[in-house]
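*Asks:* this one's sequence-less:
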């Protein structure tokens with residue numbers, strides 16, 4: 001993503017249909033704001049001092065009063081503290097607030113809060129050579145993990161991991177690992193810090209306040225009567241006045257930062273590079289390039305060659321976290337609304353439409369599901385246009401009319417919901433955990449749909465349709481799936497039984513005959529009792545359909561395996577999603593049996609083929 005200067009033509013990219021998005025990077029000292037009017041186009045950038053405001057809402061109002069004027073629907077902030085759940089407590093400032101309460105107070109539809117270095121990590125893949133200053137040697141490996149750390153009021157740490165369809169950032173608080181001195185001088189600094197805190201983290205040393213502590217510690221160690229100085233004054237005295245003590249502080253600071261960066265590199269295997277951000281180093285980048293940082297980074301004993309291959313960079317471009325938080329907000333909105341190529345066409349063509357057609361486009365972008373479900377008269381009323389205008393809008397996009405537009409639009413919305421998983425946490429609000437459970441289930445179902453082996457399902461349906469008797473074997477959470485299958489198949493006048501007692505599996509299986517079918521349901525597919533029953537059923541001449549993991553022992557013993565390969569943390573939560581996927585397979589087979597019976601009555605053999613497939617095979 002590139003940032004377009006304010007003086008570029010405002011229509012160089014299509015503007016967001018629902019107005020500009022508010023982006024912010026809020027640290028303990030300063031808050032940086034911008035309005036993103038189109039993808040990658042940041043305007044009205046401003047920096048405010050947090051000390052001038054009593055809380056987050058006055059800070060937001062101050063920026064918007066000065067730079068607003070347009071309706072804000074969506075906002076995303078990067079903040080210098082851990083983010084977990086709805087309540088946000090700033091680490092280095094006595095502010096705390098409810099994310100949802102701020103969203104409602106400001107009248108926004110969306111407010112995302114992410115850790116500032118999570119946002120900075122998300123910006124790394126989009127950085128160009130002109131955005132960074134390389135320090136030392138090394139060359140980045142393609143598609144490799146990258147790490148980022150930066151000193152300011154605190155010390156931020158994160159990383160970014162490339163995947164097949166994007167990037168995953170690490171929500172890290174690595175700045176709070178124990179500070180590890182590398183020589184006698186650094187040990188003296190640690191001893192000095194122990195006077196104030198029983199636990200001394202990297203952040204206590206490698207930060208603005210940490211630089212001031214190092215200054216005091218070295219002054220005492222060197223027997224120098226030094227005046228009190230802020231971090232900014234220490235830097236100025238070192239670089240401008242060549243003050244010996246201040247230069248030693250800076251050199252020591254750079255060396256210790258190199259050690260922390262090396263630890264991060266070996267922890268992450270960061271062959272994509274280590275990036276230095278924050279408020280301190282980019283301001284002294286030219287000096288930093290020849291500082292002890294790189295030598296200390298590579299001073300890793302047996303792993304010196306390992307680290308010598310990893311490049312290190314200083315991030316020089318302004319407001320990089322805003323780039324990352326923009327990407328995170330875009331991904332969130334795309335996942336929520338089902339953004340797709342047709343939505344993007346509507347967005348990009350919006351400015352070429354007539355004013356009345358633009359109102360229809362805005363309705364499509366803001367309420368896609370409503371457009372799909374409502375008749376033309378209601379769509380025209382909601383957009384405040386005539387019905388012929390709705391038709392003209394559809395034709396402007398290349399469709400004959402509303403029906404053809406809806407058909408294509410519905411397919412796009414359904415097919416492009418991203419597959420994602422969000423970990424449910426103990427601290428989640430009811431709103432958060434509800435959204436995560438639903439999103440995780442929907443995503444798993446869509447992924448499951450796209451991976452269905454329809455030929456295996458067809459074979460299973462054919463077995464069940466011709467079965468003299470069907471028995472379901474299941475244990476634990478899968479028993480409810482077996483009962484559901486029993487109830488459904490019994491309605492087809494197929495003799496059906498469900499067994500949930502492991503002691504009865506083999507006894508029941510030994511009574512089966514040819515043309516009988518066992519449906520064995522198990523998430524792991526490893527239970528000895530179930531495997532023994534399947535062996536007995538096969539020996540008796542019955543067929544076995546397994547609903548289980550494709551790699552399990554049960555799958556190998558079955559005539560047909562209907563694979564459910566979704567993995568869950570069953571040590572903490574019930575296997576909820578796996579059970580839903582198993583139930584879906586029961587429903588699919590039941591519908592297939594019903595349709596197959598109807599096709600047989602009609603004498604249409606072709607209708608019996610691939611009855612349940614959504615794929616064009």
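*Replies:* Ah, there it is. The structure displayed is predicted, hence computed values, not measured ones.

*Asks:* in stretch 34-44, what counts as buried?
*Replies:* 34-44 (16 or more other Cβ atoms under 10 Å). Just so you know, the C-beta spots here come from the backbone N, C-alpha and C atoms, and that holds for glycine as well.

*Asks:* What of stretch 88-95?
*Replies:* The neighbour-count check on stretch 88-95 (16+ other Cβ under 10 Å) flags 88, 90, 92-93, 95 as buried.

*Asks:* thinking again about what came up before, I'd like the buried residues of stretch 34-44 as CSV, with secondary structure appended.
*Replies:* Output for these, formatted as CSV (DSSP: H, G, I helix; E, B strand; the rest coil):
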residue, secondary structure
34, strand
35, strand
36, strand
37, strand
38, strand
39, coil
40, coil
41, strand
42, strand
43, strand
44, strand
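
*Asks:* Let me know the closest of the residues you listed to residue 139.
*Replies:* Residue 139 lies nearest to residue 40 out of the buried residues of stretch 34-44, by Cβ to Cβ, at 27.4 Å.

*Asks:* From residue 16, how far out is that closest one?
*Replies:* Distance of residue 40 to residue 16, given as Cβ to Cβ, to the nearest Å: 11 Å.

*Asks:* Farthest pair within the buried residues of stretch 88-95?
*Replies:* Every pair of the buried residues of stretch 88-95 checked by Cβ to Cβ; the farthest is 88 and 92, at 13.1 Å.

*Asks:* how about low-confidence regions in the stretch 451-600 of the chain?
*Replies:* For the stretch 451-600 of the chain, the stretches with pLDDT under 70 are 567-575, 596-600.

*Asks:* quick one, helices of it?
*Replies:* With DSSP state H, counting those that start in this stretch as the definition, the stretch 451-600 of the chain shows helices at residue ranges 454-465, 479-490, 502-510, 528-539, 553-557, 576-602.

*Asks:* Now do the buried residues in the fifth one.
*Replies:* Taking 16+ other Cβ under 10 Å as the basis for neighbour counts, the residues of helix 553-557 that come out buried are 553-555, 557.

*Asks:* Make JSON lines out of those and add distance to residue 527.
*Replies:* Compiled in JSON lines, those are given as follows (distance: Cβ to Cβ, whole Å):
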{"residue": "553", "distance to residue 527": "9"}
{"residue": "554", "distance to residue 527": "8"}
{"residue": "555", "distance to residue 527": "13"}
{"residue": "557", "distance to residue 527": "12"}
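
*Asks:* Using CSV, lay out the helices of the stretch 451-600 of the chain together with distance to residue 58.
*Replies:* CSV is the format used below for the helices of the stretch 451-600 of the chain (distance: least, Cβ to Cβ, whole Å):
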stretch, distance to residue 58
helix 454-465, 59
helix 479-490, 53
helix 502-510, 64
helix 528-539, 63
helix 553-557, 60
helix 576-602, 43
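
*Asks:* mind checking which of these is nearest residue 401?
*Replies:* Closest approach to residue 401 among the helices of the stretch 451-600 of the chain (Cβ to Cβ): helix 576-602, 31.3 Å.

*Asks:* if I look at residue 88 and residue 92, which residues touch both of them?
*Replies:* residue 81 (Cβ atoms under 8 Å, 6 or more residues apart in numbering).

*Asks:* surely residue 534 meets residue 553?
*Replies:* No - with contact defined as Cβ atoms under 8 Å, residue 534 and residue 553 do not form a contacting pair (9.2 Å).

*Asks:* Find the residue closest to residue 123 in space, skipping its chain neighbours.
*Replies:* If the residues on either side of it in the chain are set aside, residue 123 comes closest to residue 324, at 3.5 Å by Cβ to Cβ, 6 or more residues apart in numbering.

*Asks:* Who are the packing partners of the helix or strand harbouring the one you found?
*Replies:* Using DSSP states H and E, residue 324 falls within helix 320-337. Applying 3 or more Cβ pairs under 8 Å, 6 or more residues apart in numbering; DSSP states H and E, one finds that helix 320-337 contacts strand 21-26, strand 30-38, strand 41-49, strand 74-79, strand 110-115, helix 116-123.

*Asks:* tilt between the fifth one and strand 21-26?
*Replies:* Per axes from the mean of the first three to the mean of the last three Cα atoms, to 10 degrees, the angle that strand 110-115 makes with strand 21-26 is 30 degrees.

*Asks:* again with the fourth one
*Replies:* Taking the same axes, to 10 degrees, strand 74-79 and strand 21-26 form an angle of 10 degrees between their directions.

*Asks:* Can you name the next helix or strand after strand 74-79?
*Replies:* strand 87-89.

*Asks:* Which positions within the helix holding residue 324 qualify as buried?
*Replies:* Buried, per 16+ other Cβ under 10 Å, within helix 320-337: 320-335, 337.

*Asks:* pLDDT-wise, which helix or strand of this protein ranks last?
*Replies:* Across the helices and strands of the chain, mean confidence by mean pLDDT, DSSP states H and E is lowest for helix 402-415: a mean of 68.

*Asks:* any idea which helix or strand carries residue 382?
*Replies:* Using DSSP H and E, residue 382 falls in helix 376-383.

*Asks:* okay, now the nearest residue to residue 82 once chain neighbours are set aside: neighbour count?
*Replies:* Using Cβ to Cβ, 6+ apart and skipping residues adjacent in sequence, the residue nearest residue 82 is residue 173, 5.7 Å away. Residue 173 has 18 neighbouring residues, counting by other Cβ atoms under 10 Å.

*Asks:* cool, and residue 303?
*Replies:* 13.

*Asks:* Which of the three states applies to the residue nearest to it when sequence neighbours are not counted?
*Replies:* Nearest non-adjacent residue to residue 303, counting by Cβ to Cβ, 6+ apart: residue 266, 6.2 Å away. Under three-state DSSP, the three-state class of residue 266 is helix.

*Asks:* now the helices and strands packed on helix 320-337 as CSV including distance to residue 192 and mean pLDDT?
*Replies:* Compiled in CSV, the helices and strands packed on helix 320-337 are given as follows (distance: least, Cβ to Cβ, whole Å; pLDDT from 0 to 100):
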stretch, distance to residue 192, mean pLDDT
strand 21-26, 31, 92
strand 30-38, 28, 89
strand 41-49, 30, 89
strand 74-79, 30, 90
strand 110-115, 30, 86
helix 116-123, 27, 88
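
*Asks:* ranking these by burial, who's on top?
*Replies:* helix 116-123 (a mean of 28; mean count of other Cβ atoms under 10 Å).

*Asks:* same for that helix, what does it pack against?
*Replies:* Under the contact criterion of 3+ Cβ pairs under 8 Å, 6+ apart, helix 116-123 touches strand 21-26, strand 74-79, strand 146-151, strand 155-163, strand 166-169, helix 320-337.

*Asks:* Identify the residues contacting that helix?
*Replies:* Residues contacting helix 116-123 (Cβ under 8 Å, 6+ apart): 1, 25-27, 78-80, 83, 146, 148-150, 156-160, 167, 169-172, 277, 315, 320-325, 327-328.

*Asks:* Ok, which of the helices and strands packed on helix 320-337 comes nearest residue 589?
*Replies:* Here strand 110-115 is closest among the helices and strands packed on helix 320-337 (Cβ to Cβ), at 40.4 Å.

*Asks:* what's near enough to touch residue 376?
*Replies:* Here residue 376 is in contact with 387, 390-391, 402 (Cβ under 8 Å, 6+ apart).

*Asks:* could you redo the last one with a cut-off of 6 Å?
*Replies:* 387, 390, 402 (Cβ atoms under 6 Å, 6 or more residues apart in numbering).

*Asks:* Number of residues surrounding the residue nearest to the first one when sequence neighbours are not counted?
*Replies:* With Cβ to Cβ, 6+ apart as the criterion, residue 387 has its nearest non-adjacent residue at 4.7 Å, and that residue is residue 380. When neighbours are defined as other Cβ under 10 Å, residue 380 has 21 of them.

*Asks:* I'd say residue 380 and residue 392 touch.
*Replies:* No - shown here, residue 380 and residue 392 do not form a contact pair, counting by Cβ atoms under 6 Å, at 11.3 Å.

*Asks:* Tabulate the helices and strands packed on helix 116-123 (a markdown table), appending distance to residue 358.
*Replies:* A markdown table is the format used below for the helices and strands packed on helix 116-123 (distance: least, Cβ to Cβ, whole Å):
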| stretch | distance to residue 358 |
| --- | --- |
| strand 21-26 | 19 |
| strand 74-79 | 20 |
| strand 146-151 | 41 |
| strand 155-163 | 37 |
| strand 166-169 | 31 |
| helix 320-337 | 19 |
